[in-house]
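Novice: Just to be clear, the model below is a prediction. Sequence and coordinates:
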Amino acid sequence: MNLNKKICIITGSAQGIGYAIAKRFVADGAKVAIADLRLDAANETAAALTKMGPGEAIGVEMNVTNEAAVNAGVQQVVDHWGGVDVLVSNAGIQIVHELQDFPFDQWKKLLSIHLDGAFLTSKACLPHMYKAGSGAIIMMGSVHSKEASPLKSAYVTAKHGLLGLARVIAKEGAAHGVRANVICPGFVKTPLVEKQIPEQAAELGISEQEVINKIMLGGTVDQEFTTVEDVAEVAHLFAAFPTNALTGQSMVVSHGWFME
Ligand code: NAD
C-alpha cells in the first residue's frame, strides 16, 4: 500500500493538517501539489518537501471558492504531471458566533470554502480520474461532521454536508474506480485551533485553559490533542488503500472524543 509516483492535490496544504498530509505523501514517493490561497507559502512548503523527498511537490495558487481558479489549478497539475490520482479537499476556516449573532456574510464565507471548495475541486478532478479508471477523493471532515458544539453552526453544518457529498461521489465514482472518504479529526493544535482558544474564552466568559481542558479535550479518553501526524496517517490509508472496498466511509481520529 503506497503512493509512489501517485499524483496528489491537497488543498490548504501550505500549513497545518494539509502540510502534514503532504509531508506524509511525499515521504512515500508521491508527487504532491500544494494548492493554497497563498502562493508564496505554497511554493515555500513545496520546496521544503521536495528537498526531503523521495517524492516531490509544487506550489499551486488556488482559491477553492473560485471555479475558474480551481479549474486552472487542476489543469496546471495535469499539464505538469499528466493526471490526478488523489484529491484531498482540506482547505477550511473556522468562524465562531452564537447563531443569533452570526453575520450572514460570514456564514456564506465559511460554507463556501468548505462546501463549494469540496464540490469544485472534486468536479475538476473527477474527469481525470474517470479517464484513468481510478482515483481517491478525501474530504477533511471533523468530529463536527457527527457532533455539534455551541457557536459553530456554520462549521458543523458544512462538516455534516461533506459526509453527504463524499457518499454521492462514492456511488457515482464506483463505476470508474473512484473512491471517496471523509476523515473526522478531533481538535488538532494548528493555527486554526490556536486562534479559536482566545475567541472561545471571550465568547463563553471562561479562561483559555478552561477552553482547552473542558471544551476542546473534555470529551477525549485521555485529554490529548490529536496530532497532524495522526490525521496524515488516516489520509494515507484512505489514499493508498489497494482495492475499491473502502469507499463512502468516514473515520474519526479524536482520542475517543466521538465514538461510533
Ligand atoms: P489551518 O488554518 O492551519 O490551514 C488552512 C489552510 O487553508 C491555510 O494554508 C490557508 O491558507 C488555506 N486556505 C484557507 N482558505 C482557502 C481557500 N479559500 N482556498 C485555498 N486555501 C485556503 O487549518 P487546519 O487546522 O490545518 O485545518 C485544515 C482542515 O482540517 C480544515 O478543513 C479544518 O476544518 C479541518 N479540521 C481541523 C481541525 C483542527 O483541530 N485543526 C479538526 C478537524 C478538522
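Specialist: Sure thing, it's come through.
Novice: Remind me what the helix of greatest length in the chain packs against, helices and strands.
Specialist: When the chain is parsed with DSSP state H, its longest helix is helix 153-173. Secondary-structure packing of helix 153-173 (3 or more C-beta pairs under 8 Å, 6 or more residues apart in numbering; DSSP states H and E): helix 104-111, helix 117-132, strand 135-140, strand 178-185. In this view, the C-beta of every residue, glycine as well, is placed from N, C-alpha and C.
Novice: That one near the ligand at all?
Specialist: No: remark: helix 153-173 sits outside contact range of the ligand, by C-beta under 6 Å from any ligand atom, the gap being at least 6.9 Å.
Novice: I figured A91 was touching G18, is that so?
Specialist: Yes: counting by C-beta atoms under 8 Å, A91 does reach G18; the two are 7.2 Å apart.
Novice: Can you lay out the helices and strands packed on helix 153-173 as JSON lines showing mean neighbour count?
Specialist: JSON lines is the format used below for the helices and strands packed on helix 153-173 (neighbours: other C-beta atoms under 10 Å):
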{"stretch": "helix 104-111", "mean neighbour count": "14"}
{"stretch": "helix 117-132", "mean neighbour count": "21"}
{"stretch": "strand 135-140", "mean neighbour count": "27"}
{"stretch": "strand 178-185", "mean neighbour count": "27"}
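Novice: what would the ones you listed look like in JSON lines with mean pLDDT and distance to M216?
Specialist: Conversion of those to JSON lines gives the following (pLDDT from 0 to 100; distance: least, C-beta to C-beta, whole Å):
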{"stretch": "helix 104-111", "mean pLDDT": "98", "distance to M216": "19"}
{"stretch": "helix 117-132", "mean pLDDT": "98", "distance to M216": "25"}
{"stretch": "strand 135-140", "mean pLDDT": "98", "distance to M216": "18"}
{"stretch": "strand 178-185", "mean pLDDT": "98", "distance to M216": "12"}
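Novice: so can I have a markdown table of the ones you listed showing distance to K159?
Specialist: Shown next, in a markdown table, are those (distance: least, C-beta to C-beta, whole Å):
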| stretch | distance to K159 |
| --- | --- |
| helix 104-111 | 10 |
| helix 117-132 | 10 |
| strand 135-140 | 9 |
| strand 178-185 | 8 |
